[in-house]
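**Student:** following is a predicted model, sequence given first.
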Amino acid sequence: MKKIIILGGDGFCGWPTALHLSAQGHKVLIVDNLSRRNIDNELEVNSLTPIQPMGTRLKVWEAVSGNKIGFYNFDVSKNYHRLLTLIKEFQPDAMIHFAEQRAAPYSMKSSWHKRYTVDNNLNATNNILAAIVESGLDVHIVHLGTMGVYGYGTAGMKIPEGYLKVKVDTDDGQTLEQEILYPANPGSIYHMTKTQDQLMFAYYNKNDQVRITDLHQGIVWGTQTKETRQDERLINRFDYDGDYGTVLNRFLMQAAVNYPLTVHGTGGQTRAFIHIQDTVRCIEIALNNPPAKGERVKIYNQMTETHRVRDLAKLVAKLTHAKIDFIPNPRNEADENELYVANDRFLGHGLKPLTLEDTLLEEVLEVSKRYVDRCDLSKIPCVSYWNTERKNSQKTS
Ligand code: NAD
Ligand code: USQ
């Protein structure tokens, strides 16, 4: 049994992770400032699924499982001393860090949203690291990073797990081999914060020997896990709007409400994917295999398959007879890219990936159909543009 603090445990990945680890017998405590729910208020949209307030979620979980999960509502990026006190009192073995603003389109909406995303994400990460050092405790941090730190090109090779082997010609004519962090190539302000998180991890690891696992996760799809299925009041959130909805879940819910699938540009973008059930399994594996004291930051590519956006649209259209709409891309990103990713570390630890071939696409469709009345069609289009040129091209198209 481990004592685990889950920062951002009310969110899409954090809630099912909290339930999964609690079900495994770990002592779990959630910290969340409910900023994601407040962003729903700002954007005037709701999760497609009727997520319950935290108090109800925790009561139902205790009734269903017999396990208690603790909850503290504060801002990790601002309330440093609250965080430090909690770490000293609870003495966690591990902290899982989901507490960041995670939507690329939201981070690009305006200068306010850029500044909020940078302030929130970088200060949250730095506060967690500084508090662990100040506490004097040996806490393993597991952070949810993104595949987007690498950009989505491959330079003719598989994207390795975090580190790139390089050969350097030295001044005295020798060739030196070393491993460096894979060059950062973020595509949005949000993704940029994740590339900066990596540097903070490398620094605190070098200077203070903080034990850190950074999970470079692909796009998460699906909504339910084994634990969230146990009672409707435990249901996970389902984002479908133009800012927070991610591509595959959006296509499936769009098909369910008869809205033409919104493919950006040619749909030639290739991205990495993972089902939410595998997300929670991967986090469990990472927790069970912490780096040793003094070991460098352990980086895993947390993804199970890659797909091109237009192929996903075709697959969903075949399944549902939905129409496909190719719309001007609001994002400044490559129209077409190949993507090859190494994910041997999780496979080596025994992960048996769920894939699109499993019946889980139908489950997302069913969930979408069940809550179709909660969908506000006006919130589906993405109205966040990466730059003025993209905004203007939308108007003239
Ligand atoms: P989410 O927005 O649903 O959850 C994040 C949670 O953190 C929210 O409940 C929010 O209220 C909380 N939070 C944010 N800032 C906070 C702060 N300063 N103090 C306290 N709580 C705070 O996002 P998610 O989809 O669950 O993503 C979790 C993490 O996983 C993110 O860091 C994201 O970058 C990463 N990730 C997500 C995906 C995906 O497809 N959803 C893919 C790859 C990586
Ligand atoms: N896209 C469409 N139509 C849509 C929505 C998206 O064609 O209706 C396209 C986008 O232009 C992009 C791709 O689909 O090319 C992926 O977009 P997305 O919104 O599904 O994913 P992204 O913005 O990359 O962000 C999500 C999560 C983020 C995480 C990231 C992992 O929100 O937290 O870090 O996936 S990754 O993409 O691997 O970097």
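**Tutor:** Great, that's in hand. All of these numbers come straight from a predicted model, not from anything done at the bench. Ligands and ions are numbered 1, 2, ... in the order given.
**Student:** and the stretch 51-200 of the chain, which residues reach ligand 2?
**Tutor:** R102, A103, A104, T146, M147, G148 (Cβ under 6 Å from any ligand atom). Placement of C-beta: from N, CA and C, glycine included.
**Student:** the residues you listed in strands, which ones?
**Tutor:** Among these, the members found in strands (DSSP state E) are T146.
**Student:** can you map out the strands along this structure?
**Tutor:** So, for the chain - with DSSP E - the strands run 3-7, 27-31, 70-72, 94-97, 140-146, 163-169, 175-181, 212-217, 219-221, 261-264, 270-275, 298-302, 305-308, 324-327.
**Student:** the third one and ligand 1 in contact?
**Tutor:** No. Applying Cβ under 6 Å from any ligand atom, one finds that strand 70-72 is not in contact with ligand 1, the shortest distance being 9.3 Å.
**Student:** neighbouring strands - and their directions - for that strand?
**Tutor:** With DSSP bridges as the test, strand 70-72 is paired with strand 27-31 (parallel).
**Student:** rewinding a little: any chance of the residues of the stretch 51-200 of the chain next to ligand 2 in TSV, with distance to T175, pLDDT and neighbour count too?
**Tutor:** Formatted as TSV, those follow (distance: Cβ to Cβ, whole Å; pLDDT from 0 to 100; neighbours: other Cβ atoms under 10 Å):
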residue	distance to T175	pLDDT	neighbour count
R102	41	98	24
A103	43	98	23
A104	39	98	24
T146	33	98	24
M147	31	97	24
G148	32	97	24
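**Student:** just give me the closest of the residues of the stretch 51-200 of the chain next to ligand 2 to F12.
**Tutor:** Nearest to F12 among these is R102, at 8.3 Å by Cβ to Cβ.
**Student:** what sits against the closest one?
**Tutor:** Counting by Cβ atoms under 8 Å, 6 or more residues apart in numbering, R102 makes contact with G11, Y190.
**Student:** and the gap between it and Y300?
**Tutor:** 18 Å (Cβ to Cβ, to the nearest Å).
**Student:** which ones are touching the nearest residue in space to G9 that is not next to it in sequence?
**Tutor:** With sequence-adjacent residues excluded and distances taken as Cβ to Cβ, 6 or more residues apart in numbering, G9 is closest to I30, at 3.2 Å. Each residue near I30 by Cβ under 8 Å, 6+ apart is listed here: I5, I6, G9, D10, G14, A18, M54, I69, G70, F71, Y72.
**Student:** what pairs with I30 across the strands?
**Tutor:** Here I30, judged by DSSP bridges, has bridge partners I6, F71.
**Student:** equivalent analysis for R271, please.
**Tutor:** H307.
**Student:** other SSEs contacting whichever helix in the chain runs longest?
**Tutor:** Identified as the longest helix of the chain according to DSSP state H is helix 111-135. With contacts taken as 3 or more Cβ pairs under 8 Å, 6 or more residues apart in numbering; DSSP states H and E, helix 111-135 sits against helix 80-90, strand 94-97, helix 104-107, strand 140-146, helix 189-208.
**Student:** mind putting the ones you listed in a markdown table, distance to G222 included?
**Tutor:** Output for those, formatted as a markdown table (distance: least, Cβ to Cβ, whole Å):
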| stretch | distance to G222 |
| --- | --- |
| helix 80-90 | 31 |
| strand 94-97 | 19 |
| helix 104-107 | 20 |
| strand 140-146 | 16 |
| helix 189-208 | 21 |
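**Student:** ok, which of these comes nearest ligand 1?
**Tutor:** Across the helices and strands packed on helix 111-135, ligand 1 has its closest neighbour in strand 140-146 (3.3 Å, Cβ to the nearest ligand atom).
**Student:** so that closest one, near ligand 1 or not?
**Tutor:** Yes. Under the criterion of Cβ under 6 Å from any ligand atom, ligand 1 is reached by strand 140-146 at L144, T146.
**Student:** related to what we said a few turns ago, next, the angle from the longest helix of the chain to strand 212-217.
**Tutor:** Angle, helix 111-135 to strand 212-217, by axes from the mean of the first three to the mean of the last three Cα atoms, to 10 degrees: 150 degrees.
**Student:** to what extent is the nearest residue to P160 once chain neighbours are set aside buried, counted in neighbours?
**Tutor:** In space, and not counting its chain neighbours, P160 is closest to A342: 5.4 Å by Cβ to Cβ, 6+ apart. A count of nearby residues for A342, using other Cβ atoms under 10 Å, gives 15.
**Student:** check E42 too.
**Tutor:** 11.
**Student:** please renumber so the chain begins at 29
**Tutor:** With 29 as the first residue, the last one maps to E70.
**Student:** ok, now how distant is it from D60?
**Tutor:** E70 is 17 Å from D60, by Cβ to Cβ.
**Student:** cool, I169 as well?
**Tutor:** 17 Å.
**Student:** swap in A132?
**Tutor:** From A132 over to D60 (counting by Cβ to Cβ), the distance is 21 Å.
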